[in-house]
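Asker: Make a model of this:
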Amino acid sequence: MTVLDLERPRGPAVSARPRPGRTDGDGSVQVKMDSRIDAGNAKVFAVYGKGGIGKSTTSSNLSVAFSKIGKRVLQIGCDPKHDSTFTLTKRLAPTVIDALEAVDFHSEELRTEDFVFEGYNGVMCVEAGGPPAGTGCGGYVVGQTVKLLKEHHLLEDTDVVIFDVLGDVVCGGFASPLQHAERAVIVAANDFDSIFAMNRIVSAIEAKAKNYEVRVAGVIANRSAATDEIDRFAAATGLRRLAHFRDLDEIRRSRLKKSTLFEMEETPALAQVKADYITLAETLWAGVEPCPAKPMKDREIFDFLGFD
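Answerer: Numbering: from 1, shown residues only. Alright, predicted model coming up:
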C-alpha cells in the first residue's frame, strides 16, 4: 500500500452519529466515516479560520489552558505541514502518515508512542499529516488518525479533543473534523479577509449540521486591537464572540521560542492573555449553546463589509 491508497477507503462507509433519513451535507463528496470511530465521551472542538490567522497558536494555548484546569487533553493537527503542536512538543513531531509508512501501512503493528507524543503540561499531541499535494484525501487521513486513537483506547482516557484544522479550503481535510466535533470555534481577525473566510466556514458547518452533531460555538477575535467589524458581523449572522486576543509581541515571540504562552516570561499583558485562555477553557468545558448562525451570500457580505 502507498500514500495514494489512503484516498480509497475500504468497506462500507457510514457516517458517525448520523441523523436518520438524511444524507451528508448538500453537494458533499467528502469521505464518510465508520460509525465505530467517533470520539467517545470526550468533548470535541474543531478550530477553524483563514490560513495564517493563528489557529495553531490558539489551539495549543487553549489545550494548555484545558490542562491547567485539570483536563486530559489531546490535540490533533490536521494540516499536512504538521506544525500544529510544535510549541507543545518543541519539535515537528512525526505524523500518522510517517508512522504508517514505517510499518508498510500495517496499522496493527503500530505502538502508541509511534504517533502520540506528550507535550507541555501533559497535553498529548498527534499530527495527522497528509499525502503529497494533489495525490490523496486529507480527510481520510484525519479519519484514519481517529480510528488509530480509538483502537489504542486513547480516547477513553481523554477529556478534551482539539482538532486544529488547515485553512479554509474545500476538501476532506477541512470538512472531516466536523464529522467528529461537537462544537466548532472560528478564529478571525477584525478584517475583511478573515470575516469573509469565517462566513464560508459557517456555511460549511451549516451543511454538516444537517447530518452531524457539530454546531458553531462562536468566534475568537485574534491579532486585532479592535473587534468592531467582527461584532457587527456576529450580530448580523447570529454568532457570538467568545474571546479577544490582541496582537501582542509576546504571542509572536512564543512561536519563535517554540513555546506556549504559559511558558513565557511573565508580563502584565501576558498574564491577562493567560487568564483569558483559562476563562475560555472553563467556558467551553461548562458548555456553550450553539449559535443560530446563518451565513451571508458572498455578494451580501461584500456589501455588508463595505467592499466597493
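Asker: How about residues contacting stretch 79-88?
Answerer: 56-57, 59-60, 63-64, 75-78, 92-93, 95, 117, 119-120, 123, 125-131, 133, 138, 164-166, 173, 254-255, 258-260 (C-beta atoms under 8 Å, 6 or more residues apart in numbering). Bear in mind the C-beta positions are built from the backbone N, C-alpha and C, glycine included.
Asker: Among these, which are located in helices?
Answerer: Ser56, Thr57, Ser59, Ser60, Ser63, Val64, Gly138, Gly173, Ser254, Arg255 (DSSP state H).
Asker: thinking again about what came up before, out of the contacts of stretch 79-88, which end up buried?
Answerer: Among the contacts of stretch 79-88, those buried by neighbour count (16 or more other C-beta atoms under 10 Å) are 56-57, 59-60, 63-64, 75-78, 93, 95, 117, 119-120, 123, 125-131, 138, 164-166, 173, 254-255, 259-260.
Asker: What segments of the stretch 51-200 of the chain are strands?
Answerer: Taking DSSP state E, counting those that start in this stretch as the criterion, the stretch 51-200 of the chain carries its strands at 73-77, 117-118, 124-127, 160-164, 183-188.
Asker: quick one: strands adjacent to the second one?
Answerer: Sheet neighbours of strand 117-118, with direction, are listed as strand 124-127 (antiparallel) (DSSP bridges).
Asker: quick one: average pLDDT of the partner strand?
Answerer: Per-residue pLDDT over strand 124-127 has a mean of 96.
Asker: Stretch 241-255 too?
Answerer: Stretch 241-255 comes out at a mean pLDDT of 91.
Asker: Can you list the buried residues in that stretch?
Answerer: Within stretch 241-255, judged by 16+ other C-beta under 10 Å, the buried ones are Arg241, Leu242, Ala243, His244, Phe245, Arg246, Leu248, Ile251, Ser254, Arg255.
Asker: CA atoms only for it, dumped as PDB, please.
Answerer: As requested, the backbone C-alpha atoms of stretch 241-255 are provided in PDB (Å, rounded to 0.1, in the frame of the first residue of the first chain):
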ATOM      1  CA  ARG A 241     -17.600  36.400  20.300                       C
ATOM      2  CA  LEU A 242     -16.000  34.000  22.800                       C
ATOM      3  CA  ALA A 243     -12.700  35.800  23.400                       C
ATOM      4  CA  HIS A 244     -10.400  38.600  22.200                       C
ATOM      5  CA  PHE A 245      -6.700  38.100  22.000                       C
ATOM      6  CA  ARG A 246      -4.800  41.200  20.900                       C
ATOM      7  CA  ASP A 247      -1.800  41.400  18.600                       C
ATOM      8  CA  LEU A 248       1.000  41.200  21.200                       C
ATOM      9  CA  ASP A 249       4.700  40.800  20.800                       C
ATOM     10  CA  GLU A 250       4.700  38.100  23.500                       C
ATOM     11  CA  ILE A 251       2.400  35.900  21.300                       C
ATOM     12  CA  ARG A 252       4.700  36.300  18.300                       C
ATOM     13  CA  ARG A 253       7.800  35.600  20.300                       C
ATOM     14  CA  SER A 254       6.300  32.500  21.800                       C
ATOM     15  CA  ARG A 255       6.200  30.900  18.300                       C
END
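Asker: Which residues does that stretch contact?
Answerer: 54, 57-58, 87, 185, 217-225, 227, 230-231, 234, 260-261, 263-264, 267, 269-270, 273, 276-277, 279-280, 283-284, 288.
Asker: Can you say which of the residues you listed are buried?
Answerer: Counted by 16+ other C-beta under 10 Å, those give 54, 57-58, 87, 185, 217-224, 227, 230-231, 234, 260-261, 264, 270, 273, 276-277, 280, 284, 288 as buried.
Asker: tell me how far stretch 80-90 is from the chain's mean position?
Answerer: 13 Å (C-alpha atoms, centre = their mean, to the nearest Å).
Asker: Pull out the buried residues from it.
Answerer: Pro80, His82, Ser84, Thr85, Phe86, Thr87, Leu88, Thr89.
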